[in-house]
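Peer 1: Provided below are the primary sequence and the corresponding predicted coordinates.
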Amino acid sequence: MRPPPKPLPQGPVSAKQQLRDLAATLKLVWHSSPGHTITMLLCSLLLAAVPAATLWVTKLLLDAVALATQGRLEQAGGYSALLAILGLQVGIGALGTLLTTVQNASRELLGDRLQSRITLQILRKATALEVERFEDAETYDRLQAAYREVGLRPLGVLTGVTGLLQAALTLASVGALMSSLGPLVLPLVLLATVPGVWVQSRFGTETYRMLRYRTHDSRVQNYFGSILTSDTLVKEVRLFHFEPYLLARWEEYYRKFRAQLEDLVRRRSAWNLGAALFSALMVGLATWTVLERAARGQITVGDFSLLALGIAQVQTQFSGLLGGVSGIYQNLLYMRNLFEFLELPARDLDAGLEWQEPIESVEFQEVGFRYPLTERDVLRNVSFRIERGQTLALVGENGAGKTTVVKLLTRLFEPTRGRILINGQDASRYSPRSLQRQMSIIFQDFGQYQLSAAENVRLSQALEADLGDARLNRAGERSGANAFVSELPQGYGTLLGRLFSGGRQLSGGQWQRLALSRLYYRDASLLVFDEPTAALDASAEFETIEALRREARERIAVIISHRFSTVRLADRIVVLEGGEILEAGTHDELLALGGRYAALYRLQARGYQEAGTAG
Ligand SMILES: Nc1ncnc2c1ncn2[C@@H]1O[C@H](COP(=O)(O)OP(=O)(O)OP(=O)(O)O)[C@@H](O)[C@H]1O
């Protein structure tokens, strides 16, 4: 018995957790490309010295020019000294450009490496998750958010951290230069920056929260959009004319988001305005203190340039410093989402004993099942047995639990009560994957893969070496797919579907035959057919059932069908109602019993007879 999975953690992230995420993110970045990471770091450290060096050289140049314009060039070391300072200025500028170029190139290459690495991690994780996780809306949102948004976030964290180091070093060096202008200048200039940075940080976090909570809503909104743009649904949408309804629902979600956005933009603009006014006042005060010293002849023109150019530097670096912290914080929130997704417990499908022999018998012993996070048992006390050479049909009204039985049989889910015996052994002791290798299935909502016809079939043995065309043709013969595939322009090599150019669209029944080929292509000892003939015409249904019966002679076949023409041929029929077995037996036995099966059978048969009489 397995407990249902825990709901995913939510709520604010602690500082300790953030530090752990920071370390994990930097580790991820480092492992993606150590070379580019070091290059970026080194460039940042060297670039940190450039602004102070530029300020200092500009000050020297201005002082020398001021002396020269007063005819006191000799006092500044002569013309050659002027040229040397100029050379220094050009050199620093060139070095800065070189470092920035190298840093940007490394960032781009590192970003690309990271993005593909993380995407691959997300995809690998998705393949390891239990099927039930995909049916849980919250996990699905998390997967989508990770897949869509994470991309460049770790690079953002690294850029934030290196930017932080760079800004701190630059600020310290430029601040040291500016402190020569008087004790109040630096504090005033720093103070001028604080409110702006606070506004930036506060609203940044709020924007993230708004977008995060929007993930679910945007999924719903996108769903409405996808119905309106779907090729398969367009007929139904047009005929029932529910476009206006869908458009209205789409707009309803848009308006909700728009209202939030407007509110946010309004408040952020007001706060930004206030911060800018405060900043102008502080800078004015700082300039006034310097002007006062200039009036007393205590500073040079070059010194004044330190103030004029330094203010911009300090403001940029300080806001970079604090903004960097909030940027890292926000990027880490996205990373938390990724880590939470990657930390979801995965089911090891290879855990357990390795099953190697063909399946000879299946027995459900008082099996009960409840879907995770739900409150109702959808199966209760289900017991039946089936052996090689037999066909079992599961019958029942919609929602009776037929597909759930198949999900348990194929080990996609585990029973919450009772047990399943395979060849007399408890199935739960064996690895799901090794047992699944003995099974082949066609689901009610089988896949229509926009790949070639051959790939559509071979997917059921994709990991095995190519089993050759003879096997492909044999599967196609049993399913009846060969007839239409041979008419396609490149036969089995023809691309199917409408997603990619040159693809050929098939009819519903043709897709279903290909799915049946996929089932037959795998050499399995247990075959499961969930509504295998739903999209087939009457003669195709007959052929399919005949083929199925031939296949079942050496195997076990389980069929779910609402068509009694299919069901009646089974060796054993189990009638489910509300998750329990109501009746079981052969077609004749059940007819003789005169219960639910007999009533449903007669109902369907009467339908045919009446249709026949009417025709
Ligand atoms: N992933 C799920 N989570 C929660 N409940 C589920 C899930 N899948 C199915 N159910 C519920 O389990 C019950 C049995 O569903 P199941 O799909 O097995 O029925 P079925 O007999 O195959 O129906 P149908 O003939 O319509 O295919 C239904 O009440 C359904 O609502």
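Peer 2: Okay, I see it. Numbering: from 1, shown residues only.
Peer 1: Enumerate the residues of the stretch 251-400 of the chain near the ligand.
Peer 2: Y371, T374, V378, G396, N398, G399, A400 (Cβ under 6 Å from any ligand atom). The way it works is simple: take the backbone N, C-alpha and C, and place the C-beta from them, glycine included.
Peer 1: What of the stretch 1-150 of the chain?
Peer 2: Within the stretch 1-150 of the chain, the positions near the ligand by Cβ under 6 Å from any ligand atom are E135.
Peer 1: which residues of the stretch 1-150 of the chain score low on pLDDT?
Peer 2: The stretch 1-150 of the chain contains residues with pLDDT under 70 at 1-12, 76.
Peer 1: Next one: the residue of it found nearest the ligand from K407, what distance?
Peer 2: Taking Cβ to the nearest ligand atom, the ligand has its nearest neighbour within the stretch 1-150 of the chain at E135, 4.0 Å off. For E135, the distance to K407 equals 11 Å [Cβ to Cβ, to the nearest Å].
Peer 1: related to what we said a few turns ago, present the residues of the stretch 251-400 of the chain next to the ligand as JSON lines; the columns should include distance to T69 and neighbour count.
Peer 2: Conversion of those to JSON lines gives the following (distance: Cβ to Cβ, whole Å; neighbours: other Cβ atoms under 10 Å):
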{"residue": "Y371", "distance to T69": "86", "neighbour count": "17"}
{"residue": "T374", "distance to T69": "86", "neighbour count": "9"}
{"residue": "V378", "distance to T69": "92", "neighbour count": "18"}
{"residue": "G396", "distance to T69": "100", "neighbour count": "23"}
{"residue": "N398", "distance to T69": "94", "neighbour count": "6"}
{"residue": "G399", "distance to T69": "93", "neighbour count": "13"}
{"residue": "A400", "distance to T69": "98", "neighbour count": "22"}
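Peer 1: Where does confidence bottom out across those residues?
Peer 2: Scanning those for pLDDT, the low point is T374. It has 84.
Peer 1: Can you pull the phi and psi angles for that residue?
Peer 2: phi -120, psi 170 (degrees, to the nearest 10).
Peer 1: so how far is D136 from it?
Peer 2: Per Cβ to Cβ, T374 is found 11 Å from D136.
Peer 1: can you check E477 too?
Peer 2: Taking Cβ to Cβ, one finds E477 at 41 Å from D136.
Peer 1: between these two, who's got more neighbours?
Peer 2: Counted by other Cβ atoms under 10 Å, E477 and D136 do not tie: D136 has more neighbours, with 18 against 14.
Peer 1: Isn't the more buried one up against L344?
Peer 2: No: counting by Cβ atoms under 8 Å, L344 is not a contact partner of D136; they are 10.1 Å apart.
Peer 1: Touching, G424 and V362? I think so.
Peer 2: No: taking Cβ under 8 Å as the definition, G424 is not a contact partner of V362, at 10.2 Å.
Peer 1: And these two? Which one has more around it.
Peer 2: Of the pair G424 and V362, V362 is the one with more neighbours under other Cβ under 10 Å, namely 21 against 8.
Peer 1: okay, now the domains of the chain?
Peer 2: Here the domain parsing of the chain from automatic domain parsing is 19-343, 361-614.
Peer 1: mind checking which of those is nearest W355?
Peer 2: Closest to W355 of the domains of the chain is domain 361-614 (Cβ to Cβ; 4.1 Å).
Peer 1: need the contact list for the residue of the stretch 1-150 of the chain closest to the ligand.
Peer 2: Neighbouring residues of E135 by Cβ atoms under 8 Å, 6 or more residues apart in numbering: Y371.
Peer 1: Filter the residues of the stretch 251-400 of the chain next to the ligand down to the ones in strands?
Peer 2: V378, G396 (DSSP state E).
Peer 1: just the helices in the stretch 401-550 of the chain please.
Peer 2: 402-409, 432-436, 453-458, 469-479, 482-485, 508-521, 538-552 (DSSP state H, counting those that start in this stretch).
Peer 1: will you turn those into TSV that also has distance to the ligand and mean pLDDT?
Peer 2: Formatted as TSV, those follow (distance: least, Cβ to the nearest ligand atom, whole Å; pLDDT from 0 to 100):
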stretch	distance to the ligand	mean pLDDT
helix 402-409	3	93
helix 432-436	17	92
helix 453-458	23	93
helix 469-479	22	90
helix 482-485	27	94
helix 508-521	16	92
helix 538-552	17	78
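Peer 1: right, and these - which one's nearest E251?
Peer 2: Comparing the helices of the stretch 401-550 of the chain against E251 with Cβ to Cβ, the closest turns out to be helix 508-521 (32.9 Å).
Peer 1: now the closest one and helix 538-552, what's the angle there?
Peer 2: Here the directions of helix 508-521 and helix 538-552 differ by 10 degrees (axes from the mean of the first three to the mean of the last three Cα atoms, to 10 degrees).
Peer 1: Quick one: list the elements packing against helix 508-521.
Peer 2: Applying 3 or more Cβ pairs under 8 Å, 6 or more residues apart in numbering; DSSP states H and E, one finds that helix 508-521 contacts strand 439-442, helix 453-458, helix 469-479, helix 482-485, helix 538-552.
Peer 1: Could you name the helices and strands sitting against the helix or strand following the longest one?
Peer 2: Put plainly, it is helix 538-552. Downstream of helix 538-552, the next assigned helix or strand under DSSP states H and E is strand 556-560. When contacts are defined as 3+ Cβ pairs under 8 Å, 6+ apart, strand 556-560 packs onto strand 377-387, strand 391-396, helix 402-409, strand 526-530, helix 538-552.
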